[in-house]
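[1] Sequence and predicted structure are below.
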Protein chains: 2
Amino acid sequence: MAGLGMTQHNVSKILRLSSGSISKSFLCLHRRYSSIMPVVNKTAHEFDKPRLEALLNRRFFYAPAFEIYGGVAGLYDYGPPGSSLQANIIAEWRKHFIIEDHMLELDTTIMTPAPVFETSGHVARFADWMVKDIKTGDVLRADHLVANVLEARLAGDKEARGLAAAPPTEDKKRKKKNVKTTVVKLEDDVVKEYEIILAQLDNYTGTQIGELCRKHNLRNPDTDNEVSEPQLFNLMFASSIGPTGQHPGFLRPETAQGHFLNFSRLLEFNNGRVPFASAQIGRSFRNEISPRAGLLRVREFTMAEIEHYVDPEDKNHERFDEFRNVQLVLLDRHVQEAGGNKTKIMTVGEAVENGTIANETLGYFLARISQFLLKIGINPERLRFRQHMANEMAHYATDCWDAEIHNSTGWTECVGCADRAAYDLTVHSNKTGQPLVVRQALKDPIITEKEIPEWNKKVLGKTYKQDAGIIQKEVELMDQEQLTKLKGELAQGKTAITVSGGATFELTPEVLTIDRKTLKQSVREFTPNVIEPSFGIGRILYTLLEHSYWCREDDVERGVLSLPPLVAPTKVLVVPISARDEFNPLVKEVSSKLRKAGVFSRVDDSNTSIGKRYARNDELGTPYGITIDFASVQNRTMTLRERDTTQQRIGSVDEVIGVVTELVDGGIDWDEACKRLPAYDGVQAV
Amino acid sequence: MAGLGMTQHNVSKILRLSSGSISKSFLCLHRRYSSIMPVVNKTAHEFDKPRLEALLNRRFFYAPAFEIYGGVAGLYDYGPPGSSLQANIIAEWRKHFIIEDHMLELDTTIMTPAPVFETSGHVARFADWMVKDIKTGDVLRADHLVANVLEARLAGDKEARGLAAAPPTEDKKRKKKNVKTTVVKLEDDVVKEYEIILAQLDNYTGTQIGELCRKHNLRNPDTDNEVSEPQLFNLMFASSIGPTGQHPGFLRPETAQGHFLNFSRLLEFNNGRVPFASAQIGRSFRNEISPRAGLLRVREFTMAEIEHYVDPEDKNHERFDEFRNVQLVLLDRHVQEAGGNKTKIMTVGEAVENGTIANETLGYFLARISQFLLKIGINPERLRFRQHMANEMAHYATDCWDAEIHNSTGWTECVGCADRAAYDLTVHSNKTGQPLVVRQALKDPIITEKEIPEWNKKVLGKTYKQDAGIIQKEVELMDQEQLTKLKGELAQGKTAITVSGGATFELTPEVLTIDRKTLKQSVREFTPNVIEPSFGIGRILYTLLEHSYWCREDDVERGVLSLPPLVAPTKVLVVPISARDEFNPLVKEVSSKLRKAGVFSRVDDSNTSIGKRYARNDELGTPYGITIDFASVQNRTMTLRERDTTQQRIGSVDEVIGVVTELVDGGIDWDEACKRLPAYDGVQAV
């Protein structure tokens, strides 16, 4: 996730894009082409974001960090269910990617000395333009300011013309937050000018944005004050390593550089062979100018990144055939460049064959990314792969796709997957002088025949004195054709050579012989290309929560998070019907047996009704509940409740534990469980 | 891990001590009392640290970060085996502590706004004294400089006197690294003075260390230049949050504050009840002045911390009886204060009963910590629990023990376990005004009878005018005895009261009545105490590597890491005897079956001898090897090799997979495996 383009503007754009943040160009794209895909919810009620947010806060999935100190924008703490959900997503990621493909895991440092990010381009270019309110000093992202003010004016104009203002896109809603619309009709050519500016906002430099602000009197909408000239603000957190203050450092904005710098060690660990992949899960930091969108744009976040090193001349993938038939929803660059946003459903095999996806390795990872996201519970109808357009991509990149997940703010990039060619290894190698290359023994050595000049050094020095060097160099620079010609002339006896200074010298077979020799090249040396799938864990986690949330038809107050057992924070809730001591031995037995079976459970013996306890655990996304009642103590039977249907079945202690273990491991589904356990028609538990 | 003492000096010391770093006072203690416990190694050869370090580097367990850029002191990257070992230690930690005790896991941010660490005391006092070389600007820790130079002079004196210099303690070896000993005899009183300084080094302020440097001409031993006045250097990495530069922040030096700030949410999550514990695994940072000791003193490290919240009036632990008989090696404070270092072996039950360990909860955690460390492979003969002496502990702390693990640098604190009383919650509550308390319904409300004064407000104002307030306050300040007396006097008709200003007023039953009332207190409110086990994962990992390392008797070049299967980076190595295509289907089958059984394996089909491949994997700590040879392809039999004994057994493909799965899960040991599989007497594999 370290995209670098050709110009500063492009690069900055690519860096943000490939970073998993909602980039300017993506916002722009979204403004242009936005249309919401059909959204499937399990409820008859509309998706109610404030209600979900209240639930997540109440159940401490996550909360603003340092809340009792007033909080800090863009920093969030995960509470117990959020931490477990995150840990489960990461555990599955490790299994799905690292273990399955024998990737080499790394854990590299966050604190990074400045020279590394100077080489990678981040010091110069990992930045956004910002402006300051000249009176309050408040800071705004320059492009956001322009968009907000012009869009508000256009909306005011529409109203003044008596036109129904277009329903704001979700994107506009977010941006316009603080901008009051004033109903003022604009001249027709002003409307046109504004529209052109908005369409081209991505292409303006800081200076040009400054000119726009002056020309169109664009002010801070919160205060109506003028703003300063745009300045570049680097998004890396800066610090200083050691006590002298002489070693500037940055907190990494991605984990990728830690992979690249260790390339030689990784290659050696892999016995010198490519392809192979390194993988890392870790924290990264971006000092966002004004973060606002909850977990979707934060200043500190967990990433999971893969760097797959591959022979540039062979990007096929050994396991491609296993995944050839995986279907993907693709939004390719041609459709976007033609102004459309219509997705196509295609198998990975087709997409690679017809050139939509550049190569097998990229296709392999797109298929695996899709499978991972669906496995943890992302709604397949709200997942698409969007290809970067030519002008979005870094100059060195071959192809780049984002896994975008639809949510209440629109389509959000949650995984990037780019073919980064040899860029990263090349720049670090050039800077440090360390070769970051693969040396590969050639099965069939390349045999070549060449004319090779050989000097009689003694005669050379004696004959030409101080001119010996220049004569020798002249011959060395000759190509094979010239050497063949010279060889022929020498065969005649003697010849003459004119050196670059213009002087001519006589050459004889005594001083120079030219012979045809056979050369054998048995090692091929190359800088591998890097294919980089890069996951923003927090974004995936948040969109998953949105996709999992619904309400019971009969009661909007009763939220449910239908998280799959694979990632649900707690798998089984154990609910003793009363807090009486006689329940304790059985509660302990059940807990202990579940623990031994590897099933993570919690006991809820709080002093509240069974119904309320189940409602709380529906909100926590716990898929199964076991009720221990008076009959349990007497007969050793228990009931098993399924979260989404609220159905209850009954069985012996060991039967229920056996069934729930298989349910959690994914061995059986609820239908199968219902075949094994009879329905429970009791009334205590709701 | 946030110890804070009473005075700045103490506090700074405690902060470092409780931080898991080798503190000044510990070094001092170590100097005084050092004696090395018997060290058990599996080899006849002496422990060879350079050889282990070469192995760890060669096999990429870890390596200096940014090595191709020249590296940065105190920053290390973990390669594939180091990352896996770390991930396995953390996974077991999560199971052993979080899951077993249903702790509430958190994941809080590293970036922290300054006010939080101002309240906790870190901004003012989390610091070491440093001096600068006045010519080169090189920075040295002030106390280290004094110790290094004086010890070198004392050694030179001993040599001059013809005395055999005492073999340097390991501690001295480390410190004296760069100090050349000059053979100069000192006056007897100078020797005495130096010895007193060294013994009391911990008690000097920065100013006093500065005076020492001038008086005794203490110079930078590397350059012989004078040094500057000592300055306090704060060990937190500083940064700035957001684009305005107005919000200073620090990278956390521990995860603890993130727990405390979320206390109210955690308590609510736990249905308002104590005891409960929060737990967090995450990165922390300390900007060490001159880190040197490899993974034992680094600038960025992974911690695992538990904060257990408990009723200050009841520190018993529900599960104490389960662990009462766990034996611990204890070095208590009385032994240390008397100048000794003799450990005692005691059960936790005994230690709590006889008051060596302050309470059951602390004892419970010490037992659980010990079990965890032994389970992952720490040598029980090189583990001890050292109690902090009274002068090491923060004033509020009740008791504090460090799990110290012996290694080639001496005894290193790897886990701290402190009873921190109510300090942390109290300071944050006082600062923010947020109550961080438990409100507990009393089973039996406390009923009290009290004399309660009641005023007739109307008469009061009319009678006393502006003096009404002062009269009222005087009565409010009375205790029950005084009120009873006043009540008696009022019963007589009227009385007089003298207020604090000296004036006297008449009181009548019309203006004041005093009645006996029954009061019922049904809620108890208290700030819980915190017991904090805090683990330095990198230190545990490094000492574990030392404890696991040995060499084959017949070949010191063949290092072995005897890591337990539980934490070994790879559990099984699959070795096809040749790279011929006919082996591929079986290699794939075995890999796939192991994966399905949850056993992490790797295939080594590199182009080198079986012996070399096994030697490499002995170095990687892989406990089992499966060899696939020509017989395997024909008969579907495989051999199973055990790392430590190099014994080989043989069985069918499925038998071997079954046995190795049970071995890795800990269900059986190698002896049992040998009963199930016959010995292999083949010769191909070594």
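    That came in fine, so what should we check first?
[2] ranges for the strands of the stretch 551-686 of chain A?
    A:555-561, A:572-576, A:601-603, A:624-628, A:637-642, A:648-652 (DSSP state E, counting those that start in this stretch).
[3] Give me the distance between the fourth one and the centre of its chain.
    Between the centre of strand A:624-628 and the centre of its chain there are 39 Å (C-alpha atoms, centre = their mean, to the nearest Å).
[4] Ok, the third one next?
    In terms of C-alpha atoms, centre = their mean, the centre of strand A:601-603 is found 34 Å from the chain centre.
[5] Any residue of that strand touching chain B?
    Yes - counting by C-beta under 8 Å from any C-beta of the partner chain, chain B has neighbours in strand A:601-603: A:Arg602, A:Val603. Placement of C-beta: from N, CA and C, glycine included.
[6] And the second one, by the same measure?
    No - residues of strand A:572-576 contacting chain B under C-beta under 8 Å from any C-beta: none, with a closest distance of 10.9 Å.
[7] helices and strands around that strand, which ones?
    Judged by 3 or more C-beta pairs under 8 Å, 6 or more residues apart in numbering or on different chains; DSSP states H and E, the packing partners of strand A:572-576 are helix A:584-596, strand A:601-603, helix A:610-619, strand A:624-628.
[8] Partner strands of that strand and their direction?
    Under the criterion DSSP bridges, strand A:572-576 sits next to strand A:601-603 (parallel), strand A:624-628 (parallel) in its sheet.
[9] could you check the angle strand A:648-652 makes with the longest one?
    Going back to what we said before, that points to strand A:624-628. 60 degrees (axes from the mean of the first three to the mean of the last three C-alpha atoms, to 10 degrees).
[10] Turn the helices and strands packed on strand A:572-576 into TSV, columns for distance to A:Trp129, mean neighbour count and mean pLDDT.
    Converted to TSV, the helices and strands packed on strand A:572-576 look like this (distance: least, C-beta to C-beta, whole Å; neighbours: other C-beta atoms under 10 Å in any protein chain shown; pLDDT from 0 to 100):
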stretch	distance to A:Trp129	mean neighbour count	mean pLDDT
helix A:584-596	54	15	93
strand A:601-603	49	20	92
helix A:610-619	42	19	93
strand A:624-628	52	24	95
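[11] For chain B, what's the nearest residue on the stretch 501-650 of chain A?
    A:Ser606 (4.3 Å; C-beta to the nearest C-beta).
[12] Run a quick neighbour tally on the closest residue to that residue other than its chain neighbours.
    Once flanking residues are discounted, A:Ser606 sits nearest to B:Asn271: 4.3 Å by C-beta to C-beta, 6 or more residues apart in numbering or on different chains. Neighbourhood size, B:Asn271 [other C-beta atoms under 10 Å in any protein chain shown]: 14.
[13] ok so B:Asn271 is a strand residue?
    No - according to DSSP: H, G, I helix; E, B strand; the rest coil, the state of B:Asn271 is coil, so it is not within a strand.
[14] Contact partners for A:Gly538?
    A:Gly538 sits next to A:Tyr76, A:Gln86, A:Leu295, A:Leu296, A:Val298, A:Phe301, A:Thr302 when contact means C-beta atoms under 8 Å, 6 or more residues apart in numbering or on different chains.
[15] With A:Val656 instead?
    By C-beta under 8 Å, 6+ apart, A:Val656 lies in contact with A:Ile626, A:Met638, A:Thr639, A:Leu640, A:Ile650, A:Leu677.
[16] which stretches of the stretch 451-600 of chain A have low pLDDT?
    Scanning the stretch 451-600 of chain A for pLDDT under 70 picks out no residues.
[17] Please identify the residues of it in proximity to chain B?
    Applying C-beta under 8 Å from any C-beta, one finds that the stretch 451-600 of chain A approaches chain B through A:Arg595, A:Phe600.
[18] sorry, back to before: tell me the two of the contacts of A:Gly538 that are most distant?
    A:Gln86 and A:Leu296 (15.1 Å; C-beta to C-beta).
[19] Quickly list the domain ranges of chain A.
    Following automatic domain parsing, one gets these domains for chain A: A:8-126+A:245-430+A:530-536, A:129-234, A:443-522, A:570-676.
[20] most tightly surrounded among the ones you listed?
    Neighbour counts (mean count of other C-beta atoms under 10 Å in any protein chain shown) averaged over each of these peak at domain A:8-126+A:245-430+A:530-536, with a mean of 20.
[21] How far off centre is it?
    In terms of C-alpha atoms, centre = their mean, the centre of domain A:8-126+A:245-430+A:530-536 is set 1 Å apart from its chain centre.
[22] Give me the below-cutoff pLDDT ranges for chain A.
    Applying pLDDT under 70 to chain A flags residues A:1-45, A:164-178, A:683-686.
[23] Return the residue of it that is most distant from the centre.
    Going by C-alpha atoms, centre = their mean, the residue of chain A most distant from its centre is A:Gly493, 69.8 Å out.
[24] Would you verify that that one is located in a helix?
    No - assessed with three-state DSSP, A:Gly493 is coil; it does not lie in a helix.
[25] can you tell me which residues contact it?
    Contact partners of A:Gly493, counting by C-beta under 8 Å, 6+ apart, are A:Thr508, A:Pro509.
[26] Could you report the distance from it to A:Thr508?
    Applying C-beta to C-beta, to the nearest Å, the value for A:Gly493 to A:Thr508 is 8 Å.
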